[in-house]
Each structure stands twice: as C-alpha cells, then as structure tokens.
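Novice: 3D, please:
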Amino acid sequence: MQTDSIKASPSETVTARDGSKNKILRMFITEVNLLIMAFFGYVGIQGLNDMSIKDSSRYLILNLIILYVIYKFFYIISNRLWVSFAAGGFVWYVMGLVNHYVGETRGVMFLPWDIMAFKTAVDVAGAYAYHLYPQAVLWLLFIILTCIAAFRYHKPFFKGKPFLIYALISFMLCNLLMLGMVKSDRYKEIPDRLYLIERYYRTQGFPVSFFHYSKFLFIEKPQGYSVAQCEQGVEELRVAAALDKIDNADKIHAKNVIVIMNEAFADFKTLGDLPEAENALTHFHGVSENCVTGNLYVPVFGGTTVNSEYEFLTANSIAYQKGCPFSYAVRDERPSIASYLKNLGYTAYGFHPATAVNWNRGKVYPLLGFEKFYSIEDFEGQKIPVINEHPVDDWDVDRLIEMYEQAHSENDKVFIFNVTMQNHSGYEFDYEAETGEAPVDMSAYGEYPQAGNYLALLKKSDEAFEKLRLYFEQVDEPTVIVMFGDHQPRLEDDFSSMVYGLSHEDEFDENDPEYSIKKYATPFVVWTNYDIKEERFEMLSANYLQELVLETAGIELTPYNTLLKRLRHKYPVLSVNGCIDANGRFYGADEFPEDEDIRLYRYLEYNNANEKSSQLLWDAFE
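Specialist: Residues are numbered from 1 along each chain as shown. So this is what the prediction gives:
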C-alpha cells in the first residue's frame with residue numbers, strides 16, 4: 001500500500017523563513033525606536049528644567065534604563081508603538097514640567113512624596129503665576145510629531161503567542177535592567193543629602209534621582225531595632241525624667257500654651273546686613289524680656305511646611321523619615337505634644353486657615369490627639385480679609401483669641417497650635433493694589449519686587465504677633481506664646497545670594513555648615529507673661545523645640561523629651577540636612593556620629609512613627 005507524503009513547497013518554506021526574518025527585523029526596529037525615544041526623553045526632561053545632559057553624563061546609562069523601561073512598559077501593555085510613544089512621552093513631559101514649576105514657585109525640586117500631596121498643590125496653585133516657556137512648547141510638539149510618525153505602524157507588529165513570548169522576555173529584561181542598575185556602583189554612589197537636591201537633579205539627571213529618592217517613601221527599620229531595646233532605653237529615661245521633675249519643681253506651670261508656626265517667616269537680619277528686614281520685624285526684635293529666642297534649623301526650604309510642623313508636634317526628626325510623614329506615616333493614632341497635653345488636662349485645638357485637605361491635616365490632627373481642628377471651612381460665610389488670596393495674620397490672631405476664650409470658658413488649661421497662611425508664596429502680585437499700601441522699597445539693591453512684597457507681608461505678621469502678645473500680657477493665668485518660621489521664602493535668586501553674601505548660590509559648599517544654617521534657619525521666640533530667665537540659641541533644630549517649650553512652660557518632660565534634652569546639649573542640630581555638634585563640627589546627613597543617644601533616638605522615633613499601635617510604647621511619649 002502506498003502512502004502519500006505531504007511536503008511543503010519551496011515557495012511556502014521561503015515565505016515562512018521570510019516571515020520569521022520580518023518578525024525579528026520588526027522586533028529590532030521596535031527596540032531601536034524605544035531606545036531612541038528614551039534618549040530624547042532624557043534630553044527633553046533635562047531641557048525642560050534648563051539642565052544639560054553633559055552635566056549628568058556619568059549617569060547617562062542609568063537614566064536611559066529608567067526611561068527605556070517606561071516606554072517598554074507601555075508597549076507591552078498596548079502592543080502599539082504609537083501608544084508607547086504617547087504614554088511614555090506624557091510621563092516624562094509632565095514630570096519635567098511639574099519639576100520646573102515646583103522649582104520656580106517653591107524653590108525646591110519635585111520629589112516622590114509630592115505626588116501624595118496633589119490635593120494640597122491644587123489648593124494653593126491659584127496663588128502662583130505660570131508662564132508657558134519655549135522649551136515646554138517645543139518638547140510638546142516633539143511628542144506629538146513622533147506619535148503621528150509612529151501611528152503609521154498602528155497595527156501590531158505581531159500578535160498572539162509570538163507577542164506573549166516577546167512580552168514575557170521583555171518583562172524579564174526590564175527587571176534585570178532595573179536590578180542591575182540599583183546594584184551598580186554608579187547608582188550606589190548617589191548621595192542622600194536632600195538639601196542639595198537641585199544640584200543632584202542637574203548632575204545625576206532627573207529620572208534616576210527621582211527614582212532613587214522614592215526609597216524614602218518607605219521607612220527602613222533601624223539596624224538592631226527591637227521593642228525590647230526601646231523598653232530598656234525608656235527605663236533609664238524614666239529615671240532621668242523623674243530627676244528632672246524634681247529639679248524643676250519650683251518652676252511656674254503655664255496654664256496656656258499658644259504656638260504659632262508662621263508661614264515663610266524668616267529673619268534676614270540674622271542672615272545678612274539688610275536694614276529693611278530689621279524694620280519689618282520691629283516688635284519681634286523688641287521682645288527681650290521673659291523670652292527664649294534663637295535660630296531654628298528647619299528641615300525644608302521654600303515649601304513643604306508640614307515637615308517643620310511634624311517635627312515640632314512629634315519631636316521626631318525628618319532625618320530618619322525623609323519624605324512627608326503627614327502624607328504616608330500618620331495613618332492611626334500617634335503620640336504628639338497635643339495628645340500629651342490633653343492627657344495632662346489641657347484642651348487641645350489645632351487651627352490652619354486653609355482647606356482641611358491641605359497636607360491631609362483634617363485627618364492627621366485628630367490622630368495626633370487634637371480635640372478639634374479648625375480649617376477655613378469652619379469660617380464659611382464670614383468675610384475674611386486676604387492678601388494674595390491668603391487670610392491675613394491679623395484675622396488669624398483674632399480667631400486665636402476667640403478660640404482661647406471659648407476653650408478657657410470650659411477649661412483653665414489651653415493648648416492651641418496654629419499654622420498661618422498670609423505669607424505663603426508666590427510673591428508676584430500687586431501688593432499696593434490689594435492693600436492700598438506700598439511694598440517695601442528695594443530699589444537700593446536692584447529689581448526685587450518679590451522681596452519687597454514679602455517684607456511688607458512680614459511687617460504685618462510682626463504687628464499681628466504684637467497684638468497677640470499684648471493681649472496675653474493682660475491675662476492672669478501663666479501663658480507661653482511661641483512663634484517660629486516653617487521655612488524661608490523662595491524669592492529672587494539674586495536677592496537670596498545677596499542676603500547670604502554670595503555672588504551666586506552655587507558658591508555654597510555642601511560640607512559647609514554655614515550653607516545649612518543660612519538656607520534653613522528661621523527665627524523663633526518663646527515668650528511668657530511671667531518672669532523667666534532669658535536665653536538665646538544660635539542653633540537649634542526644629543525637633544528639639546517641643547522639649548524646649550515644655551521645659552520653659554514648667555511642664556513635666558516625657559522620657560522621649562528627656563532624651564531630646566540630652567541630645568540637644570550634645571548636638572544642637574540634628575536634621576535631615578546634617579548634624580552640628582556642640583563644638584560646631586558639621587556632619588553630613590549620611591554620616592551622623594556614632595552615639596548611643598542618637599541610636600536610641602532613632603529606635604524610639606521608629607517605634608513612635610512606624611510601629612503598630614500594639615507595639616508602640618505610649619508611656620515613653622505621653
């Protein structure tokens with residue numbers, strides 16, 4: 001019996017071979033296109049921020065890997081080259097544009113945790129003036145034209161099983177590329193000094209820098225940490241706190257503690273020779289009796305108010321959290337000065353004349369122990385005087401007095417924490433048209449309209465502070481009034497350089513403590529309406545201020561505060577931007593001294609901020 005065999009004809013064999021070759025060629029073309037787009041994406045994102053890729057050439061490969069993976073991801077999920085071009089281009093274009101405008105208005109770069117503050121950004125966006133600039137238009141046109149060019153290949157190069165195999169291989173390749181990148185020596189040399197982030201975005205490239213600093217969204221457990229280690233340290237601190245209580249038994253105990261964190265409140269008199277700055281703070285500088293004053297070293301510049309707020313309220317340092325804890329860390333009840341004073345019988349109010357969603361305060365304040373949080377929504381229907389769309393400090397102080405009187409009618413012990421809004425950036429507005437008053441004349445120094453507006457605002461803050469102080473000067477109950485700045489304002493670059501005594505800000509040496517002191521220093525005052533010993537601190541980081549306020553108010557310190565008191569005598573500045581010891585020696589943020597108290601502080605902070613409630617040592621903080 002004869003069996004017929006079926007064989008492929010020569011033409012069919014050639015067609016199959018040509019089809020395989022075509023698929024390989026198309027795959028090659030796809031990869032080349034994705035790499036080309038990654039390169040142009042890198043040039044574009046740097047160009048949107050006036051940064052040359054020459055400055056970051058050492059990190060070129062790392063930046064290309066990240067952008068290639070982004071484009072590759074969109075190609076894998078869409079199987080369309082034009083979709084990959086459009087979506088990948090949209091990602092880097094928007095990120096670059098946001099970084100440009102954030103830098104222009106706030107004076108700092110766009111960082112990963114800023115994404116979580118989207119509602120806050122929308123809330124304050126109206127106060128800024130935005131200008132479409134040539135690079136933004138050109139790169140938008142580039143993305144549109146490349147998408148149009150790629151649309152001719154709108155049909156998939158291959159489908160079904162071949163594409164699934166390709167997608168799987170691509171997924172593995174992307175993972176290997178990212179793993180290889182983070183394990184590379186070049187990536188490991190990227191520093192963590194966030195106060196130099198603008199320089200690092202320029203010299204390392206935006207994509208790899210943004211990716212690297214996203215690690216601070218996740219709090220790393222300190223090496224050697226355990227709840228048992230914390231408990232052991234707390235036992236010794238309890239003894240020290242008890243001894244401190246005995247030593248301070250004769251102190252007057254304040255019945256009222258009013259704390260104002262004043263928006264963008266800076267004292268350029270302490271930073272440089274600027275008579276106009278001294279004139280703007282006449283009353284503030286005039287407080288010389290029954291007060292503790294100094295320079296407060298805050299964790300931020302130009303924005304991210306909430307980090308200074310967090311350091312005061314919790315006594316934790318952003319040095320060990322980075323990021324923005326209000327956005328991701330405070331998700332259940334946490335100890336703070338509010339919860340502590342509430343346990344001691346104080347009524348605890350919080351007040352911020354902006355929306356409750358601003359930095360998530362409406363949710364965070366109750367979790368920190370505040371009985372009531374007042375936002376701008378609580379004054380709906382009232383006529384609120386504003387400058388540059390922000391409630392003025394004079395109105396703010398009137399509300400503080402009302403809140404005090406309301407709370408005092410029910411309780412003789414009151415704690416109020418207030419974050420103002422008047423001096424919030426931006427400063428490009430017509431001050432005279434809004435107020436009927438001329439801004440501060442800066443013509444002797446050059447064209448600085450923003451600085452003139454800001455100093456005029458500062459004068460109004462000074463007058464409001466005096467109004468509050470004079471009110472409580474007449475109150476019989478022992479009262480402590482605290483005011484400090486959350487950060488310095490972002491003004492004209494040339495003006496800042498002039499104040500700092502430089503020809504340009506780039507002259508700052510990253511290892512020079514003067515850099516950090518000047519750019520991150522704001523003034524503070526702790527005033528009482530009773531007799532206390534006057535004191536001056538030239539350097540004090542914001543995480544220590546809570547302890548200093550409690551001690552000045554004659555209120556018993558917690559074990560945690562006792563540790564902070566010990567630390568501030570050894571290291572007056574312990575900040576995300578560096579550490580300065582009692583002898584004036586500066587340590588970078590990634591090279592803190594080996595010290596048992598610093599180690600215990602880090603352990604307790606981790607327990608305070610990140611441990612589950614069942615593992616949290618509440619009695620150490622309250």
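Novice: What segments of the stretch 101-250 of the chain are helices?
Specialist: Ranges of helices in the stretch 101-250 of the chain, per DSSP state H, counting those that start in this stretch, are 118-124, 134-150, 160-183, 185-188, 197-204, 206-213, 227-247.
Novice: average model confidence for stretch 597-604?
Specialist: The average of the pLDDT scores along stretch 597-604 is 92.
Novice: List the buried residues of it.
Specialist: 598, 599, 600, 601, 602, 603, 604 (16 or more other C-beta atoms under 10 Å). All C-beta spots, glycine's among them, are computed from the backbone N, C-alpha and C.
Novice: contacting residues for the last one?
Specialist: Which is residue 604. 230, 233, 234, 560, 563, 617, 620 (C-beta atoms under 8 Å, 6 or more residues apart in numbering).
Novice: Just give the closest residue to residue 68, not the sequence neighbours.
Specialist: Closest residue in space to residue 68, ignoring its immediate chain neighbours: residue 38 at 4.1 Å, by C-beta to C-beta, 6 or more residues apart in numbering.
Novice: can you give me phi and psi for the one you found?
Specialist: phi -60, psi -40 (degrees, to the nearest 10).
Novice: Next one, pLDDT for it please.
Specialist: pLDDT, residue 38: 90.
Novice: Secondary structure added to the buried residues of stretch 597-604, as CSV?
Specialist: Shown next, in CSV, are the buried residues of stretch 597-604 (DSSP: H, G, I helix; E, B strand; the rest coil):
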residue, secondary structure
598, helix
599, helix
600, helix
601, helix
602, helix
603, helix
604, helix
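Novice: Need those in CSV (columns: distance to residue 529).
Specialist: Formatted as CSV, these follow (distance: C-beta to C-beta, whole Å):
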residue, distance to residue 529
598, 36
599, 40
600, 36
601, 33
602, 37
603, 38
604, 34
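Novice: just those residues now: which is nearest residue 334?
Specialist: Nearest to residue 334 among the buried residues of stretch 597-604 is residue 604, at 12.9 Å by C-beta to C-beta.
Novice: and residue 470, what pLDDT?
Specialist: 96.
Novice: Which strand or helix spans it?
Specialist: Per DSSP states H and E, residue 470 falls inside helix 449-473.
Novice: quick one: that helix to chain centroid distance?
Specialist: 25 Å (C-alpha atoms, centre = their mean, to the nearest Å).
Novice: Can you give me the buried ones in it?
Specialist: 449-462, 464-469, 471-472.
Novice: if we can go back for a sec, how about the contacts made by the residue nearest to residue 68?
Specialist: Per C-beta under 8 Å, 6+ apart, neighbours of residue 38: 64, 67, 68, 70, 71.
Novice: if you set the cut-off to 7 Å instead, what comes out?
Specialist: For residue 38, the residues meeting the contact criterion (C-beta atoms under 7 Å, 6 or more residues apart in numbering) are 64, 67, 68, 71.
Novice: Tell me the secondary structure at residue 522.
Specialist: strand.
Novice: And for it, the neighbour number?
Specialist: Neighbour count for residue 522, taken as other C-beta atoms under 10 Å: 23.
Novice: Kindly state the beta-bridge partners for it.
Specialist: Beta-bridge pairing of residue 522, defined through DSSP bridges, involves residue 296.
Novice: For it, give its distance to residue 316.
Specialist: 19 Å (C-beta to C-beta, to the nearest Å).
Novice: And for residue 586?
Specialist: 22 Å.
Novice: what kind of secondary structure is residue 292 in?
Specialist: With three-state DSSP as the criterion, residue 292 reads strand.
Novice: May I ask you to confirm that it is in contact with residue 552?
Specialist: Yes - counting by C-beta atoms under 7 Å, residue 552 is a contact partner of residue 292 at 5.7 Å.
Novice: anything in contact with each of the two?
Specialist: By C-beta under 7 Å, 6+ apart, the residues touching both residue 292 and residue 552 are residue 526.
Novice: how many neighbours does residue 540 have?
Specialist: Around residue 540 there are 21 residues (other C-beta under 10 Å).
Novice: which residues touch it?
Specialist: Neighbouring residues of residue 540 by C-beta under 7 Å, 6+ apart: 294, 295, 296, 297, 568, 572.
Novice: can you list the weak-confidence ranges in the stretch 451-600 of the chain?
Specialist: Across the stretch 451-600 of the chain, the ranges flagged by pLDDT under 70 are 501-517.
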